[in-house]
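Colleague: 3D model of this:
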Amino acid sequence: MPNSEKKLGLWTSTSLVAGNMIGAGVFLLPAAMASFGSIGLLGWVFSAVGSFFLAKVFSNMSKLLPHATGGPYAFTRYGLGDFAGFLVAWGYFLSTSCACAAITKSLVSALSTFFPALANGLPAVATGLCAIWLLTYINTRGVVTSGKWQLVTTILKILPLVLVAFGGLFFLQAKNFSPFNSSGTSTYSAISTTAAMTLFSFIGIECATIPAGSVENPQKTVPRATLLGLLIATLVYILGSVSVMGLIPAAELAKSQTPYADAAAIIYGDNIRYWVSAGVAIAAFGALNGWTLMQGQMPFAVARDKLFPAIFSKQNKKGVPYMGILLSSTLVSVFMSMNYSKGFVEQFRFLLLLSLLSMLIPYLLSAASYLIIKVKNKQADGWLGAVVLAIVAFGYALWNIVGTGKDAVYYGFVLLMMSVPFYVWVAYQKNKEQ
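Modeller: You can find the predicted model right below:
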């Protein structure tokens, strides 16, 4: 068992949660939501509240199963059995691979502000591949090395967001928050849509639970890191959105390609744009680093339970499941390269839609497992709160699954069912060995 010097502490675990949640996409969300009006702020609130219930579920289960490496997979497998756990792991593996490819694209796009040649073509692909494999190397050097990088990049990425979030509060114009609902739909419909859009920014609340075996004192550290990471991200998101909306008229904001940079220019002057663009690049780099760590830890936990091929359980001298990271980074490289090929753009966008659904399924099944785990652990107290928490968290995840649209749900179901023959083969091999 690794000693405490080789494990993640509270702040590195917190940076893993906040860093994976705060990606490059948050810098563009104010523009994407501008057409809805200031009602979009309620979308942020609904997402934050729903994510809090999910975070609380993960926090509580990390206390019940403090050394369960794999997070949602481990919780679901313990509560609902091997097959449900396998489905979570399969969906999570595909989802993180697609997400990492999109994050890489955001990183290269941000760097093109400083290096216009990266706007498209071979230089863009080469730069993206270099970023993927640089972080692959860093993550094979050990979980502490990766954690330190994550802590640094999280601080650097939050800085420009904080500058706008708090600095903008002194320059708000009330007229920019009107009309309240300009979406042309009902209040409920507008809130549902904006809540689904902002949900992307809360993906990652489970990240401290996944490498639990590499966390110092996980029974205390993981719950604290999960809730603290969510709190940091929520404050940055909501205050940042209020500032950007209050600084830039909605019609102008809807056309902005760099809303945070535009808002920062109003507050601090035009030269600040480059600093914000650097913040976007760092945000993408930090998120890519955190998700690369997840790519190794999740398959490792599943392979150790003999539900994934044994190759994913191989570790190097530093105790890193390197084969899982290498195989996942290869898949990410393929997806990222596809995004620069016009013939594959639509397929890739659809993969991203499935990516969201694949993340929601682990949340849904984790919430469903919570009460079962309490029963198995013979927990006699706190049942009323646990039942309410499980119902709300399950309902929130289900609401967002429906919100992804019927096409995503249908094809997501097909994709999951395609994994069934693979599971049958793995289960057969496992029983054969026994």
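Colleague: name the residues of the least confident helix or strand in the chain by mean pLDDT that are buried.
Modeller: Taking mean pLDDT, DSSP states H and E as the measure, the chain has helix 406-418 as its least confident helix or strand, at a mean of 73. Across helix 406-418, burial judged by 16 or more other Cβ atoms under 10 Å covers 408-409, 412, 415-416. Every C-beta, even on glycine, is put in place using the N, C-alpha and C of the backbone.
Colleague: what are the boundaries of the helices in the stretch 251-400 of the chain?
Modeller: Using DSSP state H, counting those that start in this stretch, the helices of the stretch 251-400 of the chain run over 259-268, 272-304, 322-338, 345-376, 383-403.
Colleague: nearest to Gly168 among those would be which one?
Modeller: helix 259-268 (5.8 Å; Cβ to Cβ).
Colleague: got the angle between that closest one and helix 272-304?
Modeller: 140 degrees (axes from the mean of the first three to the mean of the last three Cα atoms, to 10 degrees).
Colleague: quick one, what contacts Ala190?
Modeller: With contacts defined as Cβ atoms under 8 Å, 6 or more residues apart in numbering, Ala190 is in contact with 36-37, 39-40, 43, 181, 183.
Colleague: compare these and tell me which is most surrounded.
Modeller: The most neighbours of any of the contacts of Ala190, using other Cβ atoms under 10 Å, belong to Gly40, which has 29 neighbours.
Colleague: can I assume that residue is in contact with Thr194?
Modeller: Yes: contact criterion Cβ atoms under 8 Å: Gly40 and Thr194 qualify, at 4.5 Å.
Colleague: and for these two, which residues touch both?
Modeller: With Cβ under 8 Å, 6+ apart as the test, Gly40 and Thr194 both reach Met33.
Colleague: format the helices of the stretch 251-400 of the chain as TSV; extra columns: mean neighbour count, mean pLDDT and distance to Ala117.
Modeller: Formatted as TSV, the helices of the stretch 251-400 of the chain follow (neighbours: other Cβ atoms under 10 Å; pLDDT from 0 to 100; distance: least, Cβ to Cβ, whole Å):
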stretch	mean neighbour count	mean pLDDT	distance to Ala117
helix 259-268	22	84	20
helix 272-304	25	81	15
helix 322-338	20	83	18
helix 345-376	20	75	21
helix 383-403	17	88	39
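Colleague: need the ones you listed in CSV (columns: distance to Ala310).
Modeller: Output for those, formatted as CSV (distance: least, Cβ to Cβ, whole Å):
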stretch, distance to Ala310
helix 259-268, 45
helix 272-304, 6
helix 322-338, 9
helix 345-376, 23
helix 383-403, 32
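Colleague: out of those, nearest to Ala427?
Modeller: Here helix 272-304 is closest among the helices of the stretch 251-400 of the chain (Cβ to Cβ), at 12.5 Å.
Colleague: return the list of helices and strands in contact with the closest one.
Modeller: Under the contact definition 3 or more Cβ pairs under 8 Å, 6 or more residues apart in numbering; DSSP states H and E, helix 272-304 sits against helix 10-21, helix 72-80, helix 82-111, helix 122-139, helix 143-167, helix 259-268, helix 322-338.
Colleague: which among those is found nearest to Ile361?
Modeller: Per Cβ to Cβ, nearest to Ile361 of the helices and strands packed on helix 272-304: helix 82-111, 5.1 Å.
Colleague: against which helices or strands is that closest one packed?
Modeller: Using 3+ Cβ pairs under 8 Å, 6+ apart, the elements in contact with helix 82-111 are helix 72-80, helix 122-139, helix 272-304, helix 322-338, helix 345-376, helix 406-418, helix 420-433.
Colleague: just to revisit the earlier point, where does confidence bottom out across the contacts of Ala190?
Modeller: Lowest pLDDT among the contacts of Ala190: Ser183, with 77.
Colleague: that one looks like it's in a strand, true?
Modeller: No: read with DSSP: H, G, I helix; E, B strand; the rest coil, Ser183 is coil and lies in no strand.
Colleague: that one contacts Ser35, correct?
Modeller: Yes: Ser183 is within contact range of Ser35, at 6.7 Å (criterion: Cβ under 8 Å).
Colleague: residues in contact with the nearest residue to Phe53 once chain neighbours are set aside?
Modeller: Nearest residue to Phe53 in three dimensions, chain neighbours excluded: Ala393, at 4.4 Å (Cβ to Cβ, 6 or more residues apart in numbering). Going by Cβ under 8 Å, 6+ apart, Ala393 touches 50, 53-54, 56-57, 363, 367, 370.
Colleague: can you do 10 Å?
Modeller: Neighbouring residues of Ala393 by Cβ atoms under 10 Å, 6 or more residues apart in numbering: 50-58, 363-364, 366-368, 370.
Colleague: next: Thr234.
Modeller: Contact partners of Thr234, counting by Cβ under 10 Å, 6+ apart, are 18, 21, 44-45, 47-49, 51-52, 55, 201-202.
Colleague: which of these sits closest to Ser112?
Modeller: Distances from Ser112 to the contacts of Thr234, taken by Cβ to Cβ, are shortest for Ser201, at 22.8 Å.
Colleague: for the closest one, the count of nearby residues, please.
Modeller: Ser201: 21 neighbours (other Cβ under 10 Å).
Colleague: could you measure from it over to Ile138?
Modeller: 24 Å (Cβ to Cβ, to the nearest Å).
Colleague: related to what we said a few turns ago, which one, of the helices and strands packed on helix 82-111, ends up nearest to Val222?
Modeller: Short answer: helix 72-80, nearest of the helices and strands packed on helix 82-111 by Cβ to Cβ, at 11.8 Å.
Colleague: direction-wise, compare that closest one with helix 272-304 and give the angle.
Modeller: Going by the same axes, to 10 degrees, helix 72-80 makes 40 degrees with helix 272-304.
Colleague: other SSEs contacting helix 72-80?
Modeller: helix 40-64, helix 82-111, helix 272-304, helix 345-376 (3 or more Cβ pairs under 10 Å, 6 or more residues apart in numbering; DSSP states H and E).
Colleague: those: which one's closest to Trp425?
Modeller: Per Cβ to Cβ, nearest to Trp425 of the helices and strands packed on helix 72-80: helix 82-111, 11.5 Å.
Colleague: please identify the buried residues of the closest one?
Modeller: Quick answer for helix 82-111 (16+ other Cβ under 10 Å): 82, 84-111.
Colleague: please verify my assumption that Ile272 contacts Thr258.
Modeller: No: if you go by Cβ atoms under 10 Å, Ile272 and Thr258 don't touch, sitting 11.2 Å apart.
Colleague: I appreciate the help and will end here.
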